[in-house]
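Enquirer: I would like the atomic coordinates for the input below:
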Amino acid sequence: MTTTSETEHMAEATPRDLHEYLTTFIKQAIVTYLSQEQIDFDAEQLEIDLRFSAQTSFGDYSMPVMKWASKNKLGRPPLAIAEALATVLRDMQIPGIEEITVTKPGYLNFRLNRPFIGQVILERVLDAGADFGQNEAGIGTKVVIEHTNINSNKAAHVGHLRNASIGDTFVRMLRSQGYQVEADNYIDDSGVQVADVVVGFILLQEGILQLPEGNQQLPGESFDYFCSRVYVAVGKAYEAQPELRNLQKVVLQAMEHGDKPEKGPDYAAIASELSQRIVQAHLRTMSRLNISYDLLTWESVILHSGLWKRVFEMLRDRGLLEKPETGKAAGCWI
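Expert: Below you'll find the predicted structure:
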């Protein structure tokens, strides 16, 4: 068991970069080894290839010495070199290193004292506070990170929250390194799932669809959760009345083209209004996790502006797309 005074001493001895820390001791061990073996060779000419271990059974860091074994360098078997260095390093009693082993054909392996290293890292994080790990390595470089990407047809579920949390973590990490980060959220508001909710509201209005908990928002129920109930009910309605799929196709086509009909319901406008309200609910959900975005990219805008068509034609004309005649993708541009 390590005493408090020992831990404090070890923490002072351990630098902030473990790779640099181990490399320093390895260089010292090489000098000692060359002296013991009376090998006339410049230690600085030996490349130290310290890396993360390929297998956890080896340890946390590993270093091959096979390249040092040639006659024009150390002229010793790699396994013998590794064993000798391991002995020297063990005698150093390196703070924070629990075990040093050797594996064939000539690897030095280092296993960290994880409780100690974890304590050192935690203390440094607490001491630095919000500034821990910040630097200016990325200044002058812009990075775009797109994350979350929920279909605008229902409430966010735990999988969406997971994706948003991972994306936001990357945003914060890169900003802490000085990068100019733009956080984007691509809104898929023109897909079949949104069309299903539009169909659901039409069927509710016509009295064809009945929701188990009632056809109105429940007390305290947000709009996106209400739409989740509508979406589930529509899926069951399709199973009971397959002909309702025809309405789905009409709605989806209207959404994709965005044209205002001369008569009848403006399905594209209905879809837009529903999507706007659902996305606002999504943003409120994400704000509770302190997640925000710099840009919301609406798929419907890309379609209706003609941008997608222009990009498709450009890729096709440059021969970057192909249309196979056979196989699963027959008739599709890929």
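Enquirer: find the nearest non-adjacent residue to residue 116, please.
Expert: Nearest-residue entry for residue 116: residue 96, 5.5 Å, with adjacent residues in sequence omitted and distances by C-beta to C-beta, 6 or more residues apart in numbering. All C-beta atoms are positioned from the backbone trio N, CA, C, and that covers glycine.
Enquirer: thought that neighbour was touching residue 119?
Expert: No - here residue 96 does not reach residue 119: they are 10.0 Å apart, not a contact under C-beta atoms under 8 Å.
Enquirer: and the two? which has more neighbours close in?
Expert: residue 96 (18 against 15; other C-beta atoms under 10 Å).
Enquirer: measure that one to residue 120 for me?
Expert: Separation of residue 96 from residue 120 (C-beta to C-beta, to the nearest Å): 7 Å.
Enquirer: just residue 209 next, same as before
Expert: Going from residue 209 to residue 120 by C-beta to C-beta gives 61 Å.
Enquirer: ok, now residue 63?
Expert: For residue 63, the distance to residue 120 - C-beta to C-beta - is 22 Å.
Enquirer: just residue 155 next, same as before
Expert: Where residue 120 is concerned, residue 155 sits at a distance of 43 Å (C-beta to C-beta).
Enquirer: now residue 261
Expert: 68 Å.
Enquirer: who has more neighbours, these two?
Expert: residue 120 (21 against 11).
Enquirer: quick one: list the elements packing against the helix or strand containing the more buried one.
Expert: Per DSSP states H and E, residue 120 falls inside helix 114-128. Under the contact definition 3 or more C-beta pairs under 8 Å, 6 or more residues apart in numbering; DSSP states H and E, helix 114-128 sits against helix 4-13.
Enquirer: quick check: angle from the following helix or strand past the helix it packs on to helix 114-128?
Expert: Using DSSP H and E, the helix or strand that follows helix 4-13 towards the C-terminus is helix 18-37. Orientation of helix 18-37 against helix 114-128 (axes from the mean of the first three to the mean of the last three C-alpha atoms, to 10 degrees) gives an angle of 130 degrees.
Enquirer: need the contact list for residue 278.
Expert: Neighbouring residues of residue 278 by C-beta atoms under 8 Å, 6 or more residues apart in numbering: 152, 153, 154, 223, 224, 227.
Enquirer: which residue is the nearest non-sequential neighbour of the residue positioned nearest the centre of the chain?
Expert: Central residue of the chain (C-alpha atoms, centre = their mean): residue 166, 5.3 Å from the mean position. The spatial neighbour of residue 166 that comes closest, neighbours along the chain excluded (C-beta to C-beta, 6+ apart), is residue 147 at 7.0 Å.
Enquirer: flag every buried residue along the helix or strand where residue 91 lies.
Expert: For residue 91, the enclosing helix or strand under DSSP H and E is helix 78-92. By neighbour count on 16 or more other C-beta atoms under 10 Å, the buried set for helix 78-92 is 78, 79, 81, 82, 84, 85, 86, 88, 89.
Enquirer: now do the contacts for the fourth one.
Expert: The reference is to residue 82. Applying C-beta under 8 Å, 6+ apart, the residues near residue 82 are 65, 102, 106, 107, 108.
Enquirer: and the gap between the closest residue to residue 171 other than its chain neighbours and residue 294?
Expert: Distances taken as C-beta to C-beta, 6+ apart place residue 183 nearest to residue 171, at 4.8 Å, with adjacent residues excluded. According to C-beta to C-beta, residue 183 stands 5 Å off from residue 294.
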